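Enquirer: got a predicted model here, sequence first, then my questions.
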Amino acid sequence: MYNFDKIIDRENTNAMNTDGYMDYLFAGQDIEISHKKEDLVRMWVADMDFEIAPEILDAIRERLDHGILGYSKIFDPDYYKVVHAWTKRRYGWTFKREHLVSSPGVIPALYELLEYLVKADEKVLILTPSYAFFKHAVDYNHLELVKSDLIAVEGRYEIDFEDVKTKLEDPKVTMAIFCNPHNPTGRVWTEEELRQFGDLCFDNNVTLISDEIHSDLLRKEFQHIPMDKLYPDEKRLITCFAPSKTFNMAGMAISNVVIKDPEIRKIWDARHLTFENPLSVAGAKAAYEKGQDWLDGLIDYLDGNFEFLKDFLDERLPETNFKISEATYLAWVNIAPYVNEDNLTKFFAEKAGVLLEGGNMFVDNSDGYIRLNLAVPRSVLEKGLNRIYDAVK
Ligand code: LCS
């Protein structure tokens, strides 16, 4: 019913994916890409080359047809109802209506929350490798970043709880940003791991922001557990999630933040000055209400792409010892046995005409890895992999 094989030309749509890579991947670098722009295989920024669910497009069209696009916020009580029905059905997680606020994005929310909640001489803990914007949010607020390296045990990443404990015991560490499921390693943390991490935060009076933006993109055999489900009464826990990754609507700039502490919500309400795009509200609501079938199709397709990648690597580049990500559409591949380069992003852009994100893009503890965005039609994936193989063989 939904066609994930369809190639859609994204040129001239103001897409980061087609037009933003020079600034994002190569700012300040001397780079010569011999492939023409339109001939690059793009497997970098985390959005998808798939058309979104027709149900979402219809809802946006219907809202557009009303003809007035004035200042908007989410007043419609049905928005909470559909989001809540989604989290309840899919992860058995409930939260109160008054705890839900919205933000144009999870990253803008992180920047704001750090600004509101962390004092000038305090520190913020993240796990590395990390989505770079966690670090950027800390840097932007002139705070000190504390990193704890994940440990790869036969290709599966684990939290170094001893190290996390030592770091959280520093009284200056007052905030942790946690990614569940984890970008870029694709880990879906187990209940045991979540409890261990959560307990360490709260025992040390550390506020925890749980970024769960990838929570709907799990391989079929995995189940997402929201951190908040384990700590329903813990006010020092804030959860961020969104329809953007799940339904490929990042450009609509709408995301959900669950803030249980009324004092924090008061600050948020007083200082969070953006309105909502009425088209985004209509699209997000339709996504949660009517997007399940499309998502099921997407998950099937992504599972197939991961299998395809695994078969390719096992056969052609077996020393990568590739493990399929438990979640996300992002594959985390140890390419170090085949190529020795500091900047793998640049190497593969120049040598292969493939835009991907090398370890240099993920803060720390990521040398020798490349992250491949598999949310592309299979024919594009195949082309990209052949080019990667040719560049390193
Ligand atoms: N949090 C995580 C863990 C993400 O992976 C992303 C997007 C965001 C937040 C962004 O949320 P937004 O502000 O759009 O709501 N990740 C991307 C990535 O890895 N490459 O491109 C985007």
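Expert: It's in.
Enquirer: can you give me the end-to-end span of stretch 203-222?
Expert: Criterion C-alpha to C-alpha, to the nearest Å; first-to-last residue distance in stretch 203-222 is 29 Å.
Enquirer: quick check: buried residues in it?
Expert: Within stretch 203-222, the residues scored as buried using 16 or more other C-beta atoms under 10 Å are 204, 206-219, 222. All C-beta atoms are positioned from the backbone trio N, CA, C, and that covers glycine.
Enquirer: equivalent analysis for stretch 159-173, please.
Expert: Result for stretch 159-173 [16+ other C-beta under 10 Å]: buried residues Ile159, Val164, Lys167, Leu168, Val173.
Enquirer: same for the ligand: which of the buried residues of stretch 203-222 are within range?
Expert: Near the ligand, judged by C-beta under 6 Å from any ligand atom, the entries from those are Asp211, Ile213.
Enquirer: any idea which residue of this structure is furthest from its center?
Expert: Distance from the centre of the chain peaks at Gly67, with 33.3 Å (C-alpha atoms, centre = their mean).
Enquirer: so what pLDDT did that one get?
Expert: pLDDT, Gly67: 98.
Enquirer: distance check, Val124 against the ligand.
Expert: Separation of Val124 from the ligand (C-beta to the nearest ligand atom, to the nearest Å) stands at 15 Å.
Enquirer: again but with Thr328, I slipped
Expert: For Thr328, the distance to the ligand equals 8 Å [C-beta to the nearest ligand atom].
Enquirer: swap in Glu144?
Expert: In terms of C-beta to the nearest ligand atom, Glu144 sits 21 Å off from the ligand.
Enquirer: likewise Glu11?
Expert: 19 Å.
Enquirer: Lys147 now?
Expert: According to C-beta to the nearest ligand atom, Lys147 stands 16 Å off from the ligand.
Enquirer: phi, psi for the spatially closest residue to that residue that is not a sequence neighbour please.
Expert: Nearest residue to Lys147, sequence neighbours excluded (C-beta to C-beta, 6 or more residues apart in numbering): Thr128, at 4.6 Å. Main-chain dihedrals, Thr128, degrees, to the nearest 10: phi -120, psi 140.
Enquirer: Thr128: neighbour count?
Expert: Residues near Thr128, counting by other C-beta atoms under 10 Å, number 16.
Enquirer: my read is that Thr128 contacts Ser148, right?
Expert: Yes: look at Thr128 against Ser148 with C-beta atoms under 8 Å: they come within range, at 7.0 Å.
Enquirer: just the strands in the stretch 251-393 of the chain please.
Expert: 255-259, 330-334, 354-355, 357-358, 369-373 (DSSP state E, counting those that start in this stretch).
Enquirer: how about the third one and the ligand, any contact?
Expert: Yep, that's strand 354-355 we're talking about. No: using C-beta under 6 Å from any ligand atom, we find that strand 354-355 stays clear of the ligand, coming within 11.6 Å at best.
Enquirer: helices or strands up against that strand?
Expert: For strand 354-355, the elements it packs on are strand 41-42, helix 344-352, helix 378-392, judged by 3 or more C-beta pairs under 8 Å, 6 or more residues apart in numbering; DSSP states H and E.
Enquirer: the ligand contacts on the stretch 251-393 of the chain?
Expert: Counting by C-beta under 6 Å from any ligand atom, the positions of the stretch 251-393 of the chain adjacent to the ligand are Ser255.
Enquirer: pick out the residue of the stretch 251-393 of the chain closest to the ligand.
Expert: Using C-beta to the nearest ligand atom, the closest approach of the stretch 251-393 of the chain to the ligand is made by Ser255 at 4.5 Å.
Enquirer: if we can go back for a sec, redo the helices and strands packed on strand 354-355 as a markdown table? Include mean pLDDT and mean neighbour count.
Expert: Supplementary listing: the helices and strands packed on strand 354-355 in a markdown table, determined by pLDDT from 0 to 100; neighbours: other C-beta atoms under 10 Å:
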| stretch | mean pLDDT | mean neighbour count |
| --- | --- | --- |
| strand 41-42 | 98 | 22 |
| helix 344-352 | 98 | 22 |
| helix 378-392 | 98 | 17 |
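Enquirer: among those, which is nearest Glu289?
Expert: Among the helices and strands packed on strand 354-355, the nearest to Glu289 by C-beta to C-beta is helix 378-392 (29.3 Å).
Enquirer: so what's the gap between that closest one and the chain middle?
Expert: Put simply, helix 378-392 sits 24 Å off its chain's centre (C-alpha atoms, centre = their mean, to the nearest Å).
Enquirer: same for that helix, what does it pack against?
Expert: Counting contacts by 3+ C-beta pairs under 8 Å, 6+ apart, helix 378-392 packs against strand 41-42, helix 292-316, helix 344-352, strand 354-355.
Enquirer: still on that earlier bit, in JSON lines: the buried residues of stretch 159-173, plus distance to the ligand.
Expert: Converted to JSON lines, the buried residues of stretch 159-173 look like this (distance: C-beta to the nearest ligand atom, whole Å):
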{"residue": "Ile159", "distance to the ligand": "16"}
{"residue": "Val164", "distance to the ligand": "18"}
{"residue": "Lys167", "distance to the ligand": "20"}
{"residue": "Leu168", "distance to the ligand": "20"}
{"residue": "Val173", "distance to the ligand": "20"}
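Enquirer: and those residues, which two are the farthest apart?
Expert: Among these, the pair separated by the greatest distance (C-beta to C-beta) is Ile159 and Val173, at 15.5 Å.
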